[in-house]
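J.: Generate a structure from the sequence data that follows.
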Amino acid sequence: MLTACDADRHEGDVGDELRIVSLSPALTQMLVELDAGEHIVGVGEHDAAAPPGAAVVGGFPDIQAEALLSTRPTHVLAQSQSVHLRRLAESAGFELVAWRYPATIDAVLETLAPADPDPPGVGSVIGRGDEAAALRERIEAQLASLKELTDGAAERPRVLLLIGTRPVTASGPGTVFDDMLDIAGGRNAAPTGQAGAPALDREMLLAAAPEVIVLMSPGDRPLEALAEDDRLADLRGLDIPAVRNRRIRIINDPLAMLPTTTIPRVTAELIAGLHPELAEAARAVVRGADAVDVAEIPRAMADVAGVRRERGR
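T.: The predicted structure follows:
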């Protein structure tokens with residue numbers, strides 16, 4: 001759902017005068033991908049996708065009115081709204097556009113370039129609807145190729161995607177990460193019927209019994225040994241397959257947590273963590289390499305599965 005203070009503005013009404021404040025890192029990354037980074041004059045706090053030189057206007061919902069207005073925005077884009085922002089938009093005359101925070105990959109793509117142009121997506125709002133539609137098609141093609149890679153995987157492990165470690169917090173069902181995990185050839189081990197980001201105590205971790213644990217930690221350092229890494233302290237001594245078999249991974253891509261155009265890249269890293277034999281092919285899909293021979297993948301997976309069986313004897 002999109003809401004705007006100027007519903008009469010249509011694609012083609014914007015141009016070089018565009019001055020955008022993005023209050024969502026996910027939207028910032030979409031703008032950058034659409035080559036609109038030079039039009040971003042302000043961002044919220046802790047925006048890893050922000051282009052150099054963009055002013056910081058505070059963190060949502062505590063937006064600093066003076067800082068925001070000093071950027072002289074024509075558009076303010078957000079993934080949530082407040083009465084304060086609406087009043088600022090009405091008094092200052094900028095267009096405020098907000099989308100709901102997405103719970104699925106499809107919702108992310110609808111925010112970028114919806115199948116139905118009403119309400120508009122990010123691309124249309126800034127006058128780049130065609131470019132956004134092409135970007136959506138590319139992302140969908142990449143995700144379809146990644147799914148094709150993992151459809152024939154030798155295993156489909158139970159995976160706990162951790163988005164926090166103190167306390168241990170997982171990404172549950174019905175989230176963008178849940179969709180990504182399905183494409184990556186894994187099954188979400190987080191408890192069903194829980195909130196989108198359930199905190200797990202030791203009993204819940206034992207019941208979840210994940211075969212792989214993936215820590216989503218943007219910009220963080222690589223993992224150390226379980227006994228030495230303080231981020232993994234709550235996992236020590238747990239009798240679960242991921243700990244016993246040392247299948248704990250980290251994805252530290254700076255944009256790993258964002259529901260945005262980087263989803264294929266992060267999904268490829270998930271595949272690398274769950275199915276190492278597919279890592280090169282998955283990354284090649286995202287790079288757009290032409291040398292990926294999907295027909296050869298089942299043979300390679302069979303070879304790796306044979307090696308695993310031999311090691312297990």
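J.: what sits against the residue nearest to Pro167 when sequence neighbours are not counted?
T.: Sequence neighbours aside, Ala199 is the residue nearest to Pro167 in space, at 4.6 Å (criterion: C-beta to C-beta, 6 or more residues apart in numbering). (Glycine included, C-beta is placed from N, CA and C.) When contacts are counted by C-beta atoms under 8 Å, 6 or more residues apart in numbering, Ala199 is found next to Gly164, Pro167, Val168, Thr169.
J.: Those residues in strands, which ones?
T.: Gly164, Val168, Thr169 (DSSP state E).
J.: Would you enumerate the residues in contact with the first one?
T.: This means Gly164. By C-beta under 8 Å, 6+ apart, the contact list for Gly164 reads Ala197, Ala199.
J.: Show the average pLDDT along stretch 162-174.
T.: This predicted structure assigns stretch 162-174 an average pLDDT of 94.
J.: How far off centre is it?
T.: Between the centre of stretch 162-174 and the centre of its chain there are 14 Å (C-alpha atoms, centre = their mean, to the nearest Å).
J.: What are the buried residues along that stretch?
T.: Using 16 or more other C-beta atoms under 10 Å as the test for burial, stretch 162-174 gives Leu162, Ile163, Thr165, Val168, Thr169, Ala170, Ser171, Gly172.
J.: Quick check: which ranges of the protein have low pLDDT?
T.: Per-residue confidence for the chain (pLDDT under 70) gives these ranges: 1-16, 194-195, 289-313.
J.: in it, which spans are helices?
T.: 25-33, 65-70, 83-92, 105-112, 122-125, 129-151, 176-183, 202-208, 241-244, 263-274, 279-287, 297-312 (DSSP state H).
J.: now these in JSON lines, with distance to Pro52 and mean neighbour count?
T.: Formatted as JSON lines, the entries for the helices of the chain read as follows, by distance: least, C-beta to C-beta, whole Å; neighbours: other C-beta atoms under 10 Å:
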{"stretch": "helix 25-33", "distance to Pro52": "11", "mean neighbour count": "25"}
{"stretch": "helix 65-70", "distance to Pro52": "17", "mean neighbour count": "15"}
{"stretch": "helix 83-92", "distance to Pro52": "25", "mean neighbour count": "14"}
{"stretch": "helix 105-112", "distance to Pro52": "23", "mean neighbour count": "21"}
{"stretch": "helix 122-125", "distance to Pro52": "21", "mean neighbour count": "26"}
{"stretch": "helix 129-151", "distance to Pro52": "22", "mean neighbour count": "18"}
{"stretch": "helix 176-183", "distance to Pro52": "27", "mean neighbour count": "23"}
{"stretch": "helix 202-208", "distance to Pro52": "41", "mean neighbour count": "15"}
{"stretch": "helix 241-244", "distance to Pro52": "39", "mean neighbour count": "17"}
{"stretch": "helix 263-274", "distance to Pro52": "21", "mean neighbour count": "24"}
{"stretch": "helix 279-287", "distance to Pro52": "25", "mean neighbour count": "19"}
{"stretch": "helix 297-312", "distance to Pro52": "40", "mean neighbour count": "12"}
